[in-house]
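[1] Sequence below, structure please.
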Amino acid sequence: MPLPDNIDQFNRIVLHTLARLYAAFPKPTELNLAEIAALANPAQIASEHSLESLEASFEALSFLKDEGLIRYSDHYADGPILFQTQLSMKALTVLGQIRDNPDQLTMITRIRSALATGEHSLQSEAIAHIVLQLFALAIAATPTGNLLNSKH
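    Next up, the predicted model:
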């Protein structure tokens, strides 16, 4: 069953963002939300990238920031640029992990491979699976409140 469009778009934004930041690491970089939106939906021509697409990109990146996977210092109030964007230690660790795949590929290698696949429906399924694994690894890498509050 196909994913809802908003979830598929979110997944693509997440993976394109992480791949771009991994390639730039450790150097902080500017991220153009219009470019991320275009990568997430290449079938749209540039003039069709609406405010809705930019908002989806911004909200997806805000989610990644809130969950501790990326950081950025600021953004234009009236433009689609995020400044000083960089992977967090958690994201760098998760992207370097090998998890539940017979090929023993790191998450970043799997992300790059999924993004390079041409068949849209297969790509959507592969991307959704990778995002689920990525978030599961990120959750596992996050200390729980119990660990933080334990008395040792």
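
[2] what comes up buried for the biggest strand by length in the chain?
    For the chain, the strand that runs over the most residues, judged by DSSP state E, is strand 81-87. For strand 81-87, the buried set under the neighbour-count rule, 16 or more other Cβ atoms under 10 Å, comprises 82, 85, 86, 87. Backbone N, C-alpha and C define where each C-beta goes, glycine included.

[3] Repeat that for stretch 102-118.
    Under the neighbour-count rule (16+ other Cβ under 10 Å), stretch 102-118 has 106, 107, 108, 110, 111, 112, 114, 115 buried.

[4] Tell me both backbone torsions, phi and psi, for the fifth one.
    Summarising the backbone geometry of residue 111 under the convention degrees, to the nearest 10, its torsions are phi -60, psi -50.

[5] contacting residues for it?
    By Cβ atoms under 8 Å, 6 or more residues apart in numbering, the residues touching residue 111 are 15, 18, 19, 95, 130, 134.

[6] Now the third one: closest residue in space that isn't a chain neighbour?
    Nearest-residue entry for residue 19: residue 111, 5.4 Å, with adjacent residues in sequence omitted and distances by Cβ to Cβ, 6 or more residues apart in numbering.
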